[in-house]
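1. Show me how the following folds:
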Amino acid sequence: MAVQLDHTIVSARDGRASATFLAEILGLAPPTSFGPFLVVEVDNGVSLDFLDTTDEIVTQHYAFLIGEPEFEQIFARISERGIAYWADPGKTRPGQINHGDGGRGFYFDDLNGHRLEVLTRRYGSSR
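-> Take a look at the predicted model:
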C-alpha cells in the first residue's frame, strides 16, 4: 500500500464553529461527528478532525489545492465575509493574491489563528 495522509487533528476553541467555518469557506459538506471530533472531509479522502481544547493552540498551516472555478467561489466567500487575506504566509502582502507557478493562491486565518492557504497550482509545478 502506498503511504497516504488519512487525517489530521486540528485544535480549536470551538470545534463545531471552526469545522463549519472551514467547510463553508471551501464549499464542502457540513462537518460530521465522530467521537469527540468534528470531521471535515476534503475531496481526496483526507479529513481534518477538529477537537476542542482549552490548551494553548499552536498555529498550524493547512494548504488546499483547488481548481480555478473553486478559487473564484472561495475568493467570493472570503470577500463577502470581509475576511482578511494575504498573498504570502508572512502577511506582508495584505489584500493580494499570488501567482505562484502560473496559478493563483492566497492565505487567510481560521477562527483559531491557523493559517489556511488555497492554491491552484502546486509549488514547483511549472518546472
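2. number of nearby residues for the closest residue to residue 46 other than its chain neighbours?
-> The spatially closest residue to residue 46, leaving aside those adjacent along the chain, is residue 5, at 5.3 Å (Cβ to Cβ, 6 or more residues apart in numbering). C-beta coordinates here come from the backbone N, C-alpha and C atoms, glycine included. Neighbour count for residue 5, taken as other Cβ atoms under 10 Å: 9.
3. What lies in contact with the longest helix seen in the chain?
-> In the chain, with assignment by DSSP state H, the single longest helix is helix 68-81. The contact list for helix 68-81 (Cβ atoms under 8 Å, 6 or more residues apart in numbering) reads 24-27, 66, 85, 97, 104, 106, 108, 118, 120.
4. What angle do helix 68-81 and the next helix or strand along the chain from that helix make with each other?
-> As assigned by DSSP states H and E, the chain's next helix or strand after helix 68-81 is strand 105-109. Angle between the axes of strand 105-109 and helix 68-81 is 40 degrees (criterion: axes from the mean of the first three to the mean of the last three Cα atoms, to 10 degrees).
5. just to revisit the earlier point, let's see the longest helix of the chain as CSV, backbone CA atoms only.
-> Extracted in CSV, the C-alpha atoms of helix 68-81 (Å, rounded to 0.1, in the frame of the first residue of the first chain):
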residue,chain,number,x,y,z
GLU,A,68,-9.9,27.7,-10.9
PRO,A,69,-13.7,27.5,-10.5
GLU,A,70,-13.3,26.7,-6.8
PHE,A,71,-10.8,29.5,-6.5
GLU,A,72,-13.4,32.0,-7.7
GLN,A,73,-16.1,30.6,-5.4
ILE,A,74,-13.8,30.5,-2.3
PHE,A,75,-12.5,34.0,-3.0
ALA,A,76,-16.0,35.3,-3.3
ARG,A,77,-16.9,33.8,0.1
ILE,A,78,-13.8,35.3,1.7
SER,A,79,-14.7,38.7,0.2
GLU,A,80,-18.4,38.5,1.2
ARG,A,81,-17.4,37.8,4.8
